[in-house]
Every structure is written in structure tokens, then in C-alpha cells.
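S.K.: Pasting the sequence and the predicted coordinates here, then a few questions.
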Amino acid sequence: MFLLDLPFLDAIRDSENFEYDEYVQACGGNLGNFAFRRAVTRIFQLSDCTVGDYSSLDGLRAVGKQPKTIAIAAANWLGGTPDFEESNFSRHSVLSRTNCNIFTVGLGAQASLGVSSLKLGKNTLALAKLLSERCEVISVRDDFTRDVLAEHGIANVIVTGCPSNFLNLNPQLGAEVSEKFKMLASCSSWTDFRVIVSEFSGDIGQVNPQLYATAKLANVARAHYVLQTPKAIFDLKSKLTLPSGSDSIGNSYDEQPTLGPLLRELRRRSIFFASLDGWMDFARTCGFAIGSRIHGTVIPMQAGVPAILVAHDSRTIGLAKKMAVPMMLEEEFLQCASSFPRHIFEAASRTVLDFDGCRTKLAAAFKYFSQRNGLDLSQQFSDFYEAPVVAQIAPS
């Protein structure tokens with residue numbers, strides 16, 4: 001089996017002198033992809049799997065060594081913008097030249113908050129149809145993606161959530177995180193515990209309320225600002241020559257903060273991991289994580305750390321609901337730096353109690369996906385699904 005679509009499974013190697021394009025190629029533009037890919041190998045039996053990108057797959061095909069099957073950790077592939085069309089044209093070009101089964105895991109559609117439907121472009125729809133034709137069932141991450149595909153005539157799908165939901169196969173993970181949220185609710189200040197703020201998901205080239213709130217919370221909580229994308233690394237690096245002046249970011253957004261102080265605060269607190277293990281090990285040393293990146297929330301959760309997602313688009317909301325990951329709206333996040341959100345911790349402790357039950361249902365969906373497509377589950381995933389605690393709530 002050949003696992004697409006990056007040259008590395010879960011860590012960037014020999015990156016000492018990487019430039020921007022090399023980082024993007026190595027991780028697909030986001031370190032969260034490593035969590036996704038590691039989880040695919042955690043769920044399925046892929047011991048003889050070859051990891052590679054499209055050029056290496058095309059190279060194998062050209063010399064008559066095409067793999068018998070291809071597994072794809074698909075992620076954010078379905079959208080309606082020209083960028084999606086360009087990427088999916090390239091993907092379709094390579095995959096259409098193969099003649100083997102293609103097993104797609106975690107396919108997702110992405111749209112702005114409040115959008116209830118999505119029209120796929122010609123290239124994106126052609127790719128979706130190809131993936132549908134090459135397997136019995138496609139794994140999609142949320143109900144929105146399922147509905148988008150159904151609107152375009154593709155029905156052989158099952159909602160499995162994000163594979164990274166199964167990095168940690170402790171069947172009582174949600175219950176344990178719930179207890180930790182209760183402990184946070186008993187605190188009185190952000191400085192009572194170590195905090196991770198995940199990378200701001202928007203453009204850091206201009207001031208906006210969420211960027212201000214991110215920098216302000218990082219300052220108040222003395223938090224670590226965890227970067228996920230090469231773009232963020234190089235954006236912060238390229239702005240080292242910002243105009244000098246006060247480093248104060250103000251007490252409220254109404255004070256019209258300037259970009260320089262915000263970015264200097266985030267740069268001071270930034271940290272980046274080239275491997276999934278390094279990211280998870282660091283998360284375990286912290287007491288709480290918050291931010292608008294879905295894997296900036298999922299990774300700490302999988303490390304047993306309370307985390308809350310700041311929901312900002314259909315993708316993040318859909319995944320959070322499907323997996324019972326605690327979330328807050330942007331309006332609530334904007335108040336976090338100025339008011340310790342004890343009530344939000346209390347609410348999260350209740351929300352995450354549904355996590356274990358939701359994960360068991362999604363595990364059943366992955367089991368169905370594997371059976372329909374003739375894939376073997378890994379022994380550790382099978383043990384998780386058959387564990388006594390899981391068996392009590394597993395669907396028949």
C-alpha cells in the first residue's frame with residue numbers, strides 16, 4: 001500500500017536549512033497533517049506501507065511499480081475557490097493515471113461560517129468522483145462534507161470524524177479530561193497553570209479583533225504560542241524590522257492597537273515543532289490549550305490536556321460537534337484575556353463528557369469503512385474498540 005500525499009509520515013527530517021517552499025512541501029503547509037497521517041497508521045494495519053508524495057507515486061507508475069492500493073489522508077480537499085481547483089487538478093491528474101483501489105480517509109469540505117451548502121468546481125468534483133469510484137466507501141470527517149457530496153451525486157460515504165481523534169486510544173480519555181476542566185474552573189487566574197495558545201488562523205498582516213485577542217491572551221496568560229504553519233514562521237520572521245516603539249498592546253481593542261506590538265508579543269512566545277511526538281510531548285507539560293486551529297485543540301486533547309476550540313468556519317464547527325470537542329465562539333474568545341472564563345471551563349467539563357461516547361460511535365464508523373473496503377484494522381485499534389468500557393456504549 002502507498003500512503004499519500006506527503007514525503008514524511010509524522011516528522012520533518014533534516015530541516016536545518018529549509019526555506020519556505022521546502023517546509024510547505026514537507027508538511028503540506030500545516031503540521032496538523034502529521035497528526036492526521038499518524039492516526040491513519042494507528043487505525044489501520046499498514047505495516048508494509050510506503051509513504052510518499054505525488055511525484056514519487058508517479059515515478060513508481062512510470063517504471064511499472066504501481067502500488068496495488070493507495071491510502072489517502074485527504075483532509076481539506078473540497079472547496080469552491082481557485083486554490084482548491086488548482087490543487088485538485090494536480091491530484092486528479094496523477095491519480096487518474098493509476099488503475100488501483102484508492103481508500104480515502106477523512107475527506108473534508110471547507111466553507112465560511114454560516115454557509116450551508118457548497119458548489120464544487122469542475123476539477124474538485126472530478127477528483128471527488130474519482131475517489132468515489134475507486135472504493136466502496138469514502139471516509140468523510142463531518143456531516144457538512146457528507147451533505148456537500150450528496151448534493152453532487154456522491155452517496156457512498158460514511159462520517160468518521162478526523163482520524164487524529166484516535167491518536168490516544170485510552171477509552172476513558174474524555175472522562176479524564178473532564179475532571180481536569182473542573183480543576184481549571186477552581187482556579188482564579190490564567191497564571192495558575194501553563195497555557196498553550198494555538199496559531200491564529202487568519203492573516204497576521206493586519207490588525208483585527210481575534211489577532212488582538214490572541215496576542216493579549218498570550219501576554220496575560222504568559223502562554224506559549226504554538227505555530228503550525230510554515231507561513232506563520234516565515235511571516236513572523238519577515239517582520240523583524242517592524243517600526244520600533246512601545247511594546248504595549250493596550251488594555252482593549254478600542255485603543256486601536258498597531259500591528260508591531262501584537263506581532264512582537266507573539267514572536268516572543270512562539271514555538272514550533274517539526275515532529276508530532278515533540279508537539280504532543282510538549283502539550284503534556286501544559287495545563288490548557290485554546291485557539292482557532294482544530295489540531296491545535298485535538299493534539300493537546302489527545303495528550304490528555306483540556307483544550308477549547310475557537311470555532312470560526314464550517315470545518316471547525318462540524319468537527320467539534322461530531323467529536324464532542326469543547327468549543328467557544330469568537331465573541332467569547334475576545335473576552336478571555338480580560339475576564340478569566342471560569343464558566344466556560346465548567347461548561348467544557350460537561351461537553352467533553354460526551355467525548356468518549358462520540359468517539360466510540362466514530363470508531364464503529366471506521367470499522368464499517370474498513371470492512372466495506374477490505375482493509376484490516378490495527379491490533380491496537382481493535383483492542384480499543386473491544387475494551388470493556390467501549391463495549392458498554394458501542395453501537396451494535
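M.R.: Arrived safely.
S.K.: Phi first, then psi, for the residue nearest to F193 when sequence neighbours are not counted.
M.R.: Of all residues beyond its chain neighbours, the one nearest F193 is G287 (3.2 Å), with distances taken as Cβ to Cβ, 6 or more residues apart in numbering. (Glycine included, C-beta is placed from N, CA and C.) Per-residue torsions, G287: phi -100, psi -10 (degrees, to the nearest 10).
S.K.: Could you pull up the residues touching G287?
M.R.: Shown in contact with G287 (Cβ atoms under 8 Å, 6 or more residues apart in numbering): K180, L184, F193, R194, V195, V305, P306.
S.K.: how far away is the last one from L319?
M.R.: Translated: P306. Going from P306 to L319 by Cβ to Cβ, to the nearest Å gives 17 Å.
S.K.: got it, and the fifth one?
M.R.: Distance of V195 to L319, given as Cβ to Cβ: 22 Å.
S.K.: what about the two, which has more around it?
M.R.: Using other Cβ atoms under 10 Å as the criterion, V195 and L319 rank with L319 on top: 27 against 21.
S.K.: which residues does the more buried one contact?
M.R.: Neighbours of L319 in contact, by Cβ under 8 Å, 6+ apart: R141, D142, G161, C162, I294, V325.
S.K.: Wait, a helix at the third one?
M.R.: By that I understand G161. No. Read with DSSP: H, G, I helix; E, B strand; the rest coil, G161 is coil and lies in no helix.
S.K.: per-residue confidence at the residue nearest to F193?
M.R.: G287 is assigned a predicted lDDT (pLDDT) of 98.
S.K.: can you count the residues close to D14?
M.R.: By other Cβ under 10 Å, 8 other residues sit near D14.
S.K.: Look at it and tell me its secondary structure.
M.R.: coil.
S.K.: and what of the one 4 residues further on?
M.R.: Look at F18: counting by three-state DSSP, its state is coil.
S.K.: what about the closest residue to it other than its chain neighbours, which helix or strand?
M.R.: With sequence-adjacent residues excluded and distances taken as Cβ to Cβ, 6+ apart, F18 is closest to A26, at 7.1 Å. A26 is part of helix 20-27 when elements are defined by DSSP states H and E.
S.K.: Ok, I233 next?
M.R.: helix 230-238.
S.K.: How about S47?
M.R.: For S47, there is no host helix or strand (DSSP H and E).
S.K.: hmm, back to that, return the distance of the residue nearest to F193 relative to V177.
M.R.: Plainly put, G287 is 12 Å away from V177 if you go by Cβ to Cβ.
S.K.: Kindly point out which residues are neighbours of both of the two.
M.R.: Taking Cβ under 8 Å, 6+ apart as the contact rule, G287 and V177 both touch V305, P306.
S.K.: so what's the backbone phi/psi at the residue lying closest to W279 once chain neighbours are set aside?
M.R.: Leaving aside its sequence neighbours, W279 sits nearest to F273 (Cβ to Cβ, 6+ apart; 4.0 Å). Backbone geometry at F273, expressed as degrees, to the nearest 10, gives phi -120, psi 130.
S.K.: one step back: could I get the buried residue list for the helix holding A26?
M.R.: Going by neighbour count (16 or more other Cβ atoms under 10 Å), the buried part of helix 20-27 is Y23, V24, Q25, A26, C27.
S.K.: Domain-wise, how is the chain divided?
M.R.: Annotated domains of the chain cover 2-166+359-393, 173-240+248-354 [automatic domain parsing].
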